[in-house]
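Student: how does the following fold in three dimensions:
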Amino acid sequence: MRSNAVQGLLGWLAWLYLELVIRTIRWTRIGEEPGGALDQVLKGPGGMIGCFWHGDIALSITAKVAVIEHKLTRILISLSPDGEFIARSMVHHNMPPIRGSSTKKKDKGKAKGGAAAFREALDLLASGGILVVTPDGPRGPARQMAPGTVRMARRAGTPVFLLGLAAAPVKRLNTWDGTKLPRLFGKGCIVWDGPYHCPPGASDEDMDRLSVEWAAAMTAACARAQAVIA
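Tutor: Numbers count the residues shown, from 1 in each chain. Below is the predicted model:
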């Protein structure tokens with residue numbers, strides 16, 4: 001399953017499925033209006049961070065429609081071999097991944113990967129690009145935001161948008177994040193909530209508080225999206 005040929009095939013199949021998700025689902029888009037907060041950031045010179053819950057990764061591809069033509073967009077994906085075919089799929093979507101994970105500090109290899117990814121992400125944001133992250137990944141707990149996203153926002157000084165995503169009908173997998181796979185030709189909704197900012201002088205306690213607040217706001221945005229398609 002982890003051979004180069006199989007991972008390449010899985011990456012291509014994932015790309016095809018996600019393209020069909022974009023093209024066949026009837027999407028309602030909230031927050032993408034011309035002149036709105038997102039539009040102003042996308043047309044400005046600075047970078048931004050976009051966040052969605054790990055279980056919504058198959059739904060999140062619809063965000064590409066709004067952002068990819070404006071700025072270089074890259075997604076942060078863990079170094080785990082299980083993330084390889086997703087990384088390959090994102091290349092096909094013109095969203096080259098940044099590979100890294102800092103979940104196991106005692107694992108020196110992963111710690112180095114996380115530090116390198118952090119620096120690469122900062123360079124992307126400094127150049128005016130978009131960084132896409134799943135702040136409860138790669139291993140959860142589900143829908144709890146790790147402080148890394150807030151620290152990134154403080155360090156880069158960039159705005160953060162939280163994505164609320166929903167679709168129907170969906171197949172929910174029995175995984176730690178409850179991954180949702182939408183059926184084609186259904187309906188969906190994306191809500192852009194933001195921008196949010198982390199003050200440059202924020203303390204560790206401030207960032208922990210913001211992590212909780214932003215997590216609640218993103219979950220609320222998902223509930224809003226779900227209500228639209230109900």
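
Student: what comes up buried for the longest strand along the chain?
Tutor: Criterion DSSP state E: the longest strand present in the chain is strand 180-196. By neighbour count with 16 or more other CB atoms under 10 Å, strand 180-196 contains the buried residues 180, 182, 188-196. In short, each C-beta sits where N, CA and C put it, glycine included.

Student: columns distance to Asn4 on top of these, output as a markdown table?
Tutor: A markdown table is the format used below for these (distance: CB to CB, whole Å):
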| residue | distance to Asn4 |
| --- | --- |
| Lys180 | 29 |
| Pro182 | 29 |
| Gly188 | 33 |
| Cys189 | 37 |
| Ile190 | 34 |
| Val191 | 38 |
| Trp192 | 37 |
| Asp193 | 39 |
| Gly194 | 39 |
| Pro195 | 40 |
| Tyr196 | 40 |
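
Student: low-confidence regions, the chain specifically.
Tutor: For the chain, the stretches with pLDDT under 70 are 1, 81-82, 101-113.

Student: all strands of it, in order?
Tutor: So, for the chain - with DSSP E - the strands run 26-30, 48-51, 73-77, 97-99, 130-133, 160-172, 180-196.

Student: what packs against the fourth one?
Tutor: Spelled out, it's strand 97-99. Helices and strands touching strand 97-99, by 3 or more CB pairs under 8 Å, 6 or more residues apart in numbering; DSSP states H and E, are strand 73-77, helix 84-92, helix 108-126.

Student: from these, which stretch is densest packed?
Tutor: Of all the helices and strands packed on strand 97-99, strand 73-77 has the most neighbours on average by mean count of other CB atoms under 10 Å, namely a mean of 23.

Student: relative to helix 84-92, how tilted is that one?
Tutor: If you take axes from the mean of the first three to the mean of the last three CA atoms, to 10 degrees, strand 73-77 sits at 180 degrees to helix 84-92.
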